[in-house]
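Novice: this is the structure alone, sequence omitted:
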């Protein structure tokens, strides 16, 4: 009897230990689930919309590839949750949004709200001088303002290769991007840097590194294949922006009648656009302006047209790009010195048109001190052309 009682006692103690272990395991499980739940709560919900296009035909497969590349890049950072594409498609269908609406910040914000997103990602692809310009921006759903934006000009066959690196750059992550078809050559000392495209005997692209002695410098004169020239005022590795040697004074728009003044729908109406600097941002704006100009003779856009007529890749800069130019120029005078040495016209001390728009009546002009202000589009203001490389 004693042995039986002892055995029962041991069984009871064993069962108690098992129950205690179960409670501990359940506690650990709940703790883990709680941590995972909190981690999910800290991630931002992002709606990635299909890319819009301007001046280029893009098939549905390529559009889907661009959207998926952007989405996967966001997800792989571990900081974002992507809204399912099916949910976004359902909202667009139910609300009768058109594809052209995706370029409108307010419409994109509305889609984001309906999808329960914190951020909306818009992308646009434009054809500029035979090359694709890819632009990606993040819009805050609460404020409807642009959080971040990055733009890159790439070869017509390099679009998909550029999507992930540009998205990583937008997110502040490390990325490696190789620009194809470009060789930097400087045959003689103090000669302008020539940009040429080289082919080997097999007609495949030859890509060479710029020798250390030929590193692109601020204030350097660059000559492009079409003979156009500019002074470097911004550089990021082997890429950058030049400003034209010449200048002009004209209106932003010169309509036949006042009712012909238009609001360019592809350009966000933002009076604070001078705060956003992104190399090539004005390329997309200029392409949108010129698309509008081709609709009829009643619409004339002298400032953008003058810039584009400089040759391949030239454009009317955005407000942020102009502000950056004048910040650099006012630092030590090297840009004006370089312009004079190259036989060009030094920067005007007055106001300069940008391709950034405020509304139907006004666009942004920027003073030589880097201040931005709205001005009626029919006013005559100084103009400088920019080109990325």
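Specialist: The structure has been received and is ready for your questions. Quick caveat, the model's predicted, so the values are computed rather than measured.
Novice: who's in contact with stretch 361-375?
Specialist: Stretch 361-375 has contacts (Cβ atoms under 8 Å, 6 or more residues apart in numbering) with 252, 261, 271, 273-274, 319, 322-323, 326-327, 329-330, 347-358, 376-377, 381. In short, each C-beta sits where N, CA and C put it, glycine included.
Novice: let's see it at 6 Å
Specialist: With contact meaning Cβ atoms under 6 Å, 6 or more residues apart in numbering, stretch 361-375 is reached by 252, 273-274, 319, 322-323, 326-327, 349, 351-354, 356-358, 376-377, 381.
Novice: where along the stretch 51-200 of the chain do the helices fall?
Specialist: For the stretch 51-200 of the chain, applying DSSP state H, counting those that start in this stretch gives helices covering 60-76, 85-94, 105-114, 159-170.
Novice: ok, the stretch 201-350 of the chain next?
Specialist: Using DSSP H, counting those that start in this stretch, helices in the stretch 201-350 of the chain cover 281-293, 302-308, 319-332, 334-341.
Novice: I'd like those helices as a markdown table, with mean neighbour count, mean pLDDT and distance to residue 76 appended.
Specialist: Shown next, in a markdown table, are the helices of the stretch 201-350 of the chain (neighbours: other Cβ atoms under 10 Å; pLDDT from 0 to 100; distance: least, Cβ to Cβ, whole Å):
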| stretch | mean neighbour count | mean pLDDT | distance to residue 76 |
| --- | --- | --- | --- |
| helix 281-293 | 24 | 84 | 26 |
| helix 302-308 | 23 | 93 | 38 |
| helix 319-332 | 21 | 91 | 29 |
| helix 334-341 | 17 | 92 | 40 |
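Novice: a markdown table for the helices of the stretch 51-200 of the chain, including mean neighbour count and distance to residue 315?
Specialist: Formatted as a markdown table, these follow (neighbours: other Cβ atoms under 10 Å; distance: least, Cβ to Cβ, whole Å):
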| stretch | mean neighbour count | distance to residue 315 |
| --- | --- | --- |
| helix 60-76 | 17 | 22 |
| helix 85-94 | 14 | 31 |
| helix 105-114 | 19 | 21 |
| helix 159-170 | 20 | 18 |
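Novice: okay, now the unreliable bits of the stretch 101-250 of the chain?
Specialist: 101-104, 128-130, 156, 173-215 (pLDDT under 70).
Novice: my guess is residue 289 meets residue 303, correct?
Specialist: No. The pair residue 289 and residue 303 does not pass the contact test of Cβ atoms under 6 Å, sitting 8.4 Å apart.
Novice: sorry, back to before: please indicate which of the contacts of stretch 361-375 are buried?
Specialist: For the contacts of stretch 361-375, a neighbour count by 16 or more other Cβ atoms under 10 Å gives the buried set as 252, 273-274, 319, 322-323, 326, 351-354, 356-358, 377, 381.
Novice: rank these by pLDDT and give me only the lowest.
Specialist: pLDDT across these is lowest for residue 274, at 77.
Novice: spit out the contact partners of it.
Specialist: 319, 320, 323, 372.
Novice: do the same with residue 46
Specialist: Residues in contact with residue 46 (Cβ under 6 Å, 6+ apart) are 74, 80, 82, 117, 119.
Novice: let's see it at 7 Å
Specialist: 74, 80, 81, 82, 83, 117, 118, 119, 121 (Cβ atoms under 7 Å, 6 or more residues apart in numbering).
Novice: dump these to a markdown table, plus distance to residue 225.
Specialist: Below are the contacts of residue 46 laid out as a markdown table (distance: Cβ to Cβ, whole Å):
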| residue | distance to residue 225 |
| --- | --- |
| 74 | 37 |
| 80 | 41 |
| 81 | 46 |
| 82 | 41 |
| 83 | 44 |
| 117 | 44 |
| 118 | 45 |
| 119 | 40 |
| 121 | 34 |
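Novice: write the PyMOL selection for whichever of the residues you listed are buried.
Specialist: This is how PyMOL selects the buried members of these, with burial counted by 16+ other Cβ under 10 Å:
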select buried, resi 74+80+82+83+117+118+119+121
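Novice: and the two most separated of the contacts of residue 46?
Specialist: Maximum pairwise distance among the contacts of residue 46 (Cβ to Cβ): 12.8 Å, between 81 and 121.
Novice: between the two ends of stretch 355-371, how far is it?
Specialist: End-to-end distance of stretch 355-371 (Cα to Cα, to the nearest Å): 15 Å.
Novice: just use 54 as the starting number from now, easier for me
Specialist: From this message on, residue numbering opens at 54, which makes the last subject stretch 408-424.
Novice: can you tell me the closest non-neighbouring residue to residue 125?
Specialist: residue 217 (7.9 Å; Cβ to Cβ, 6 or more residues apart in numbering).
Novice: surely that neighbour meets residue 126?
Specialist: Yes. With contact defined as Cβ atoms under 7 Å, residue 217 counts as touching residue 126 (5.2 Å).
Novice: ok, back up a step: out of the buried ones among the contacts of stretch 414-428, flag the one nearest to residue 278.
Specialist: Of these, the one sitting nearest to residue 278 (Cβ to Cβ) turns out to be residue 375, at 25.6 Å.
Novice: SS state for the closest residue to that closest one other than its chain neighbours?
Specialist: Leaving aside its chain neighbours, residue 375 sits nearest to residue 419 (4.0 Å; criterion: Cβ to Cβ, 6+ apart). Going by DSSP: H, G, I helix; E, B strand; the rest coil, the secondary structure assigned to residue 419 is strand.
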